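*Asks:* My questions are about this predicted structure, shown below with the sequence.
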Amino acid sequence: MATNRELFDAQVYRLCRTIPSGRVSTYGRIAAMILPPTGMDPLGFDRVKARWVGYALAKCPPDIPWHRVLNARGESSLGERRKLQQALLEQEGINFNARGRVDLNVYLWQNEDRGR
């Protein structure tokens, strides 16, 4: 039987697979689409859910477009993998400004958005 964390991770992966090429989402937006795990206090979950998305993506299978998820400022939060993430996004046509940020007003994926 899958644990709450495994079920959460599976939901993260399912949602990330729906982000179209050339679009991004944020840890918080992905987390907001997932209900609290069974038995977890909703307020406690609310404080950690975006971080849990990051943990899930840090160990995701290779078919997950992890690079399409940024922090709320439109920046990479990946440290050493920041350059790889930026390169992958630039290959999809996403532009970064001089501060290393993506304009979320331009590239943020809305759940009903199915690409440009």
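*Replies:* All right, it came through fine.

*Asks:* With adjacent residues omitted, what lies nearest to the most centrally placed residue in the chain?
*Replies:* In the chain, the residue lying closest to the centroid (Cα atoms, centre = their mean) is Val69, at 3.1 Å. Spatially, and ignoring its direct neighbours in sequence, Val69 is nearest to Ser25 (5.5 Å; Cβ to Cβ, 6 or more residues apart in numbering). In short, each C-beta sits where N, CA and C put it, glycine included.

*Asks:* so who does Val12 touch?
*Replies:* 30, 34, 52-53, 56-57, 60 (Cβ atoms under 8 Å, 6 or more residues apart in numbering).

*Asks:* Which helix or strand contains it?
*Replies:* helix 4-17 (DSSP states H and E).

*Asks:* per-residue confidence averaged over that helix?
*Replies:* Taken as a whole, helix 4-17 has an average pLDDT of 93.

*Asks:* With stretch 91-100 instead?
*Replies:* For stretch 91-100, the per-residue pLDDT averages 96.

*Asks:* Name the residues of it that are buried.
*Replies:* Ile94 (16 or more other Cβ atoms under 10 Å).

*Asks:* Can you verify Ser25 is assigned to a helix?
*Replies:* No: according to DSSP: H, G, I helix; E, B strand; the rest coil, Ser25 belongs to no helix; its state is strand.

*Asks:* What is the neighbour count of it?
*Replies:* 23 (other Cβ atoms under 10 Å).

*Asks:* Surely it touches Leu108?
*Replies:* Yes: the pair Ser25 / Leu108 is scored as a contact, 6.9 Å apart, by Cβ atoms under 8 Å.

*Asks:* Would you agree Asn95 is in contact with Val102?
*Replies:* Yes: Asn95 sits in contact with Val102 when judged by Cβ under 8 Å, with a separation of 7.4 Å.

*Asks:* what about the strands in this protein?
*Replies:* Secondary structure of the chain by DSSP state E: the strands cover 25-26, 69-70.

*Asks:* what's in contact with the last one?
*Replies:* Judged by Cβ under 8 Å, 6+ apart, the contacts made with strand 69-70 from elsewhere in the structure are 16, 19, 24-27, 30, 53, 57, 76-77, 102, 104.
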